[in-house]
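Colleague: need coordinates for the following:
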Amino acid sequence: MNEGTATPTAAFSWLNSWRVYLQPASVRMLLLGFSAGLPLLLVLGTLSFRLREAGIDRSTIGYLSWVGLAYGFKWVWAPLVDRLPIPFFTLRLGRRRSWLLLAQVMVMVGLVGMALTDPSQTLGPVVWCALLVAVGSATQDIALDAFRIESAEPSQQAALAASYQTGYRLAMIWAGAGVLWVAAWVQGDNAATYVQAAWRAAYLVMAASMGVGLLTVLFSKEPIPSELAPARNLKAWLKSALVDPFADFVKRYQWQAILILSLIAVYRISDVVMGIMANPFYVDMGFTKTEVASVTKVYGVLMTLLGAFVGGVMALRWGVMRILMLGAVLSALSNFLFAWLSAYGHSVNALIAVVSADNLASGIASAAFIAYLSSLTNIKYSATQYALLSSMMLLLPKFIAGFSGEFVNAYGYASFFNATALMGMPVLILVALAWHYQVPSKD
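Modeller: Numbers count the residues shown, from 1 in each chain. Purely as a prediction, here's the structure:
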């Protein structure tokens, strides 16, 4: 009897648990996650494809990738977003919604500017518009993190994070594959290598897609803001926001902090440096917009998600450090496959095989790296320390990636991909040392 009466209750509890994703807060985060995920590829991956198709030199494309450094420095103005009111708008919309709205408008304006300017004629306006999109996108990330945390109780944060990530990934597929599909559809059978009208239409569609997030903000309620300790002066504010989290980290890990920070700075170097030249490589290899969209932007994202799930399970079973090492090995080795593809030539099946291996490796490495970063933070400073550490992982790789076009021009794609694979070798040594000298985290 007891078992017979327990089953409906258990089923009802599970049903209620899944219904959390239908609650207004979860739906809002799904839509806002879409708004957050949309701009990233439009100023990095997709833009490099467009620029190469427009005949822009690879070295120039490499240097323009430094626009993405805005994401690596967003922690610098995060305290401003957290505290500074926006005249007129904050009074009427609230602290979080006013910053979200401002950031989304910046992204939309920048995307419209990128749509209306032709890089084959003049590059400057495209660069400035891309920088506006990157800064607006990074600012949206800052405000959205706070909005999510303040929108629900701690018990609901996992569901909100899942909804956010789902929206983010859907947007990456739309911004990566959708923009290429739209451009290919508008271009039609036109044999011209570059058609500005096609890219104009594609980027205008992406700008209009930001309306999803903008409308969500306008129709959302301002969350109850967290209490902020008043800063006595700018010096005290900067100390609490930037200095104290770093000082705590160094105090807890002492000399090992240098080892850990070195590992963080270079762990994803193979992927990041190689990734800047991936889209120009596809163009130069003769892959069409539709082929690149389908294989690398849709199928590739799905393989990355699969790799992340696999990596998460393996980390639980065998420990984070083992999978951190595995991810570093696989990320380096997968770059050799691109060198092989450059010699093999245009083949969709070969591209699928290479993308499968590369994105699976990237997903496994990302899952382990996120878990490793999370284990390093002190609960007292978790948000700030995680933001600083995750930003640090981009700075050196993105700076080096700026010179990737120069390297390809001088030595070719095969040598470039082999070199990026070899860049991962020092990472293995740092992982081994960090693993050997690993100490329990102290809060």
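
Colleague: give me the below-cutoff pLDDT ranges for the stretch 301-443 of the chain.
Modeller: 379-387, 439-443 (pLDDT under 70).

Colleague: sketch out the helices for it, chain order is fine.
Modeller: In the stretch 301-443 of the chain, the helices defined using DSSP state H, counting those that start in this stretch lie at 320-344, 348-376, 382-401, 404-411, 413-423, 425-436.

Colleague: relative to helix 382-401, how tilted is the shortest one?
Modeller: The reference is to helix 404-411. 30 degrees (axes from the mean of the first three to the mean of the last three C-alpha atoms, to 10 degrees).

Colleague: same check, this time on the longest one
Modeller: Orientation of helix 348-376 against helix 382-401 (the same axes, to 10 degrees) gives an angle of 140 degrees.

Colleague: count the residues that sit near residue 437.
Modeller: A count of nearby residues for residue 437, using other C-beta atoms under 10 Å, gives 12. Using the backbone N, CA and C atoms, a C-beta is placed for each residue, glycine as well.

Colleague: out of the helices of the stretch 301-443 of the chain, nearest to residue 99?
Modeller: helix 382-401 (15.7 Å; C-beta to C-beta).

Colleague: quickly note the distance from the residue nearest to residue 321 when sequence neighbours are not counted to residue 361.
Modeller: Using C-beta to C-beta, 6 or more residues apart in numbering and skipping residues adjacent in sequence, the residue nearest residue 321 is residue 435, 4.3 Å away. For residue 435, the distance to residue 361 (C-beta to C-beta, to the nearest Å) stands at 19 Å.

Colleague: give me the helices and strands touching the helix or strand residue 272 falls within, please.
Modeller: Assessed by DSSP states H and E, residue 272 sits inside helix 269-276. Applying 3 or more C-beta pairs under 8 Å, 6 or more residues apart in numbering; DSSP states H and E, we find helix 269-276 packed against helix 320-344, helix 382-401, helix 404-411, helix 413-423.

Colleague: can you map out the helices along the stretch 51-200 of the chain?
Modeller: 58-64, 69-72, 74-83, 89-93, 95-116, 124-150, 157-173, 179-187, 196-209.

Colleague: would you turn the helices of the stretch 301-443 of the chain into JSON lines with mean neighbour count and distance to residue 279?
Modeller: Shown next, in JSON lines, are the helices of the stretch 301-443 of the chain (neighbours: other C-beta atoms under 10 Å; distance: least, C-beta to C-beta, whole Å):
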{"stretch": "helix 320-344", "mean neighbour count": "20", "distance to residue 279": "12"}
{"stretch": "helix 348-376", "mean neighbour count": "20", "distance to residue 279": "13"}
{"stretch": "helix 382-401", "mean neighbour count": "19", "distance to residue 279": "13"}
{"stretch": "helix 404-411", "mean neighbour count": "18", "distance to residue 279": "12"}
{"stretch": "helix 413-423", "mean neighbour count": "20", "distance to residue 279": "12"}
{"stretch": "helix 425-436", "mean neighbour count": "16", "distance to residue 279": "24"}
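
Colleague: circling back: show me the contacts for the residue nearest to residue 321.
Modeller: By C-beta atoms under 8 Å, 6 or more residues apart in numbering, residue 435 lies in contact with 321, 324-325.

Colleague: ok, now how distant is it from residue 178?
Modeller: In terms of C-beta to C-beta, residue 435 sits 41 Å off from residue 178.

Colleague: what's the answer for residue 254, then?
Modeller: 49 Å.

Colleague: settle it for me: which of those two has more neighbours?
Modeller: Comparing residue 254 with residue 178 by other C-beta under 10 Å, the one with more neighbours is residue 178, at 22 against 9.

Colleague: confidence score at the more buried one?
Modeller: pLDDT for residue 178: 89.

Colleague: again with residue 133
Modeller: 95.

Colleague: which residues sit in contact with it?
Modeller: 39, 42-43, 106-107, 110-111, 114.

Colleague: if we use 6 Å, what do you get?
Modeller: By C-beta atoms under 6 Å, 6 or more residues apart in numbering, the contact list for residue 133 reads 39, 43, 107, 110-111.

Colleague: about what we covered before: ok, then the element right after the helix holding residue 272?
Modeller: In N-to-C order, the element after helix 269-276 by DSSP H and E is helix 278-284.

Colleague: pull the residues that contact that next one.
Modeller: Here helix 278-284 has contacts from 45, 48-49, 52-53, 58, 61, 292, 413, using C-beta under 6 Å, 6+ apart.

Colleague: where in the stretch 51-200 of the chain is pLDDT low?
Modeller: 149, 152-159, 161-162, 189-192.

Colleague: one step back: can you put the helices and strands packed on helix 269-276 in a markdown table and add distance to residue 182?
Modeller: Shown next, in a markdown table, are the helices and strands packed on helix 269-276 (distance: least, C-beta to C-beta, whole Å):
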| stretch | distance to residue 182 |
| --- | --- |
| helix 320-344 | 27 |
| helix 382-401 | 27 |
| helix 404-411 | 26 |
| helix 413-423 | 28 |
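
Colleague: which of those sits closest to residue 302?
Modeller: Taking the helices and strands packed on helix 269-276 one by one with C-beta to C-beta, helix 320-344 is closest: 16.5 Å.

Colleague: next, the angle from that closest one to helix 348-376.
Modeller: Going by the same axes, to 10 degrees, helix 320-344 makes 160 degrees with helix 348-376.

Colleague: how far off centre is helix 320-344?
Modeller: 20 Å (C-alpha atoms, centre = their mean, to the nearest Å).

Colleague: quick check: which helices or strands does that helix pack against?
Modeller: helix 269-276, helix 300-318, helix 348-376, helix 413-423, helix 425-436 (3 or more C-beta pairs under 6 Å, 6 or more residues apart in numbering; DSSP states H and E).

Colleague: check which residues of stretch 59-78 are buried.
Modeller: 59, 61-72, 74-75, 78 (16 or more other C-beta atoms under 10 Å).

Colleague: go on, stretch 299-307?
Modeller: Buried residues in stretch 299-307 (16+ other C-beta under 10 Å): 299-301, 303-304, 307.

Colleague: what does it rub up against?
Modeller: 172-173, 355-356, 359-360, 362-364.

Colleague: one more time with 7 Å, if that's ok
Modeller: Outside stretch 299-307, the residues within contact range by C-beta atoms under 7 Å, 6 or more residues apart in numbering are 169, 172-173, 352, 355-356, 359-364.

Colleague: who's in contact with residue 372?
Modeller: 320, 324.

Colleague: could you measure from it over to residue 111?
Modeller: For residue 372, the distance to residue 111 - C-beta to C-beta - is 34 Å.

Colleague: thought residue 197 was touching residue 186?
Modeller: Yes. Using C-beta atoms under 7 Å, residue 197 makes contact with residue 186 at a distance of 6.4 Å.

Colleague: what about the two, which has more around it?
Modeller: Counted by other C-beta under 10 Å, residue 197 and residue 186 do not tie: residue 186 has more neighbours, with 16 against 12.

Colleague: what residues are up against the closest residue to that one other than its chain neighbours?
Modeller: Nearest-residue entry for residue 186: residue 198, 4.2 Å, with adjacent residues in sequence omitted and distances by C-beta to C-beta, 6+ apart. Contacts for residue 198 were tallied using C-beta under 7 Å, 6+ apart; they are 183, 186-187.
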